[in-house]
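1. build the 3D model from these lines:
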Amino acid sequence: MLELNVRKMSFTVGWVSRKEFEKITLIADYISYDKARKCSIYRLNLEKCRKLGVEKAREILEKYGIRISESLAGILEKAKKPIAVVDLKGSDLIIHGLNENVPELLNVLIWDKVDKIFRSKPFNYHEICGILRQKGYQIVSTVREDWNLDVETKPTFELRPYQLDAFKAWEDNNYRGVIVLPTGAGKTLLALYAIHKLKLRSLIVVPTIDLLRQWQEKIVEGLNIPEDMVGIFGGGKKEVKP
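-> Next up, the predicted model:
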């Protein structure tokens, strides 16, 4: 029996009557027809399930050899608000379960006509979730949110006043934006300071292998952490640490 969970919401059903189709769409959204397999593709709609009730949703699905996982059933039973699902597929965020237009998200969401789903870029994740929560949605997300740095950092340097001013401006802008300083002004130290203050795992992108090694050395020396806590992805290595 196929089990649906937060990461697996889609299912297929062979030919059904109009009445059966209407019953299925009480709990799911019709996506498309697969000519090769001669079946229809549906996606479970958690908000429809919540309104109809978990037991009735289970009853409809079980007729077609499909069941809802216990964890998903638990989410539905406890939900008191409309449910929106946010998932990461490939290089896109996908959002489904929105049963109304959210004008505040028009600039960050794109409607996928083929998959009948909203798409966005991962860097919009926190903005999307924040706005949906403000609109009264409960977010069911498969995106990892815990990126805390599980190692103590002890900077071996001190920032100059202008560097602290630059960090404060970036901090005041919700930790977004590009810090521009002249060559030799200490941008590397400023980046290390940001890692130390935010205590988050960080990705540093560089154009050459030499810079890859230099950054590893700077992180180890500047934050006083073990070398094996700094992963290298490039130059034949594919390490994700810590």
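2. in stretch 78-95, what counts as buried?
-> A79, P82, I83, A84, V85, V86, D87, D92, L93, I94, I95 (16 or more other C-beta atoms under 10 Å). Yep, even glycine has a C-beta here, placed from its N, CA and C like the rest.
3. closest to A194 out of those residues?
-> L93 (24.5 Å; C-beta to C-beta).
4. how far away is C49 from K81?
-> As judged by C-beta to C-beta, to the nearest Å, C49 and K81 stand 14 Å apart.
5. hmm, who's touching stretch 141-149?
-> Stretch 141-149 is contacted by residues 6-7, 85-88, 93, 122, 125, 129, 195, 199-202, 242 when judged by C-beta atoms under 8 Å, 6 or more residues apart in numbering.
6. hmm, I typed the wrong one, I wanted stretch 55-71.
-> 1-6, 11, 13, 23-24, 26-27, 44, 48-49, 54, 73, 76.
7. list the buried residues in the helix or strand harbouring E59.
-> Per DSSP states H and E: E59 is located in helix 54-62. The neighbour-count check on helix 54-62 (16+ other C-beta under 10 Å) flags V54, A57, R58, I60, L61 as buried.
8. quick one: the most centrally placed residue in the chain from K35, how far?
-> For the chain, V143 is the residue whose C-alpha lies nearest the centre (C-alpha atoms, centre = their mean; 3.5 Å). Distance, V143 to K35, using C-beta to C-beta: 33 Å.
9. over to G53?
-> For G53 relative to K35 (C-beta to C-beta), the value is 34 Å.
10. quick one, domains of this protein?
-> 1-79, 80-145, 161-238 (automatic domain parsing).
11. of the contacts of stretch 141-149, which belong to helices?
-> Y125, C129, I195 (DSSP state H).
12. adding distance to S17 and neighbour count, write these out as a markdown table.
-> Shown next, in a markdown table, are those (distance: C-beta to C-beta, whole Å; neighbours: other C-beta atoms under 10 Å):
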| residue | distance to S17 | neighbour count |
| --- | --- | --- |
| Y125 | 41 | 18 |
| C129 | 39 | 19 |
| I195 | 60 | 19 |
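13. related to what we said a few turns ago, check which element follows the helix holding E59 along the chain.
-> Next along from helix 54-62, by DSSP H and E: strand 66-68.
14. where do the helices sit along this structure?
-> Counting by DSSP H, the helices of the chain are 18-24, 46-52, 54-62, 70-78, 125-134, 161-172, 187-198, 209-223.
15. just tell me which of these ends up closest to V108.
-> Once the helices of the chain are compared by C-beta to C-beta, helix 125-134 is nearest, at 6.3 Å.
16. mind listing what's buried along that closest one?
-> Those would be Y125, I128, C129, I131, L132, for helix 125-134 by 16+ other C-beta under 10 Å.
17. now do the contacts for the fourth one.
-> Pointing back at I131 there. V102, E104, L105.
18. pLDDT at the closest residue in space to A191 that isn't next to it in sequence, what is it?
-> Leaving aside its chain neighbours, A191 sits nearest to I204 (7.3 Å; criterion: C-beta to C-beta, 6 or more residues apart in numbering). pLDDT recorded at I204 is 93.
19. now for I204, how many residues are close by?
-> Residues near I204, counting by other C-beta atoms under 10 Å, number 16.
20. now stretch 143-156: average pLDDT?
-> Mean predicted confidence for stretch 143-156 is 87.
21. of the buried residues of stretch 78-95, closest to K187?
-> L93 (30.0 Å).
22. hmm, back to that, dump the buried residues of helix 125-134 to JSON lines, plus pLDDT and distance to A191.
-> As requested, the buried residues of helix 125-134 are exported to JSON lines (pLDDT from 0 to 100; distance: C-beta to C-beta, whole Å):
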{"residue": "Y125", "pLDDT": "93", "distance to A191": "22"}
{"residue": "I128", "pLDDT": "94", "distance to A191": "27"}
{"residue": "C129", "pLDDT": "93", "distance to A191": "26"}
{"residue": "I131", "pLDDT": "93", "distance to A191": "29"}
{"residue": "L132", "pLDDT": "92", "distance to A191": "32"}
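23. many thanks, I have nothing further to ask.
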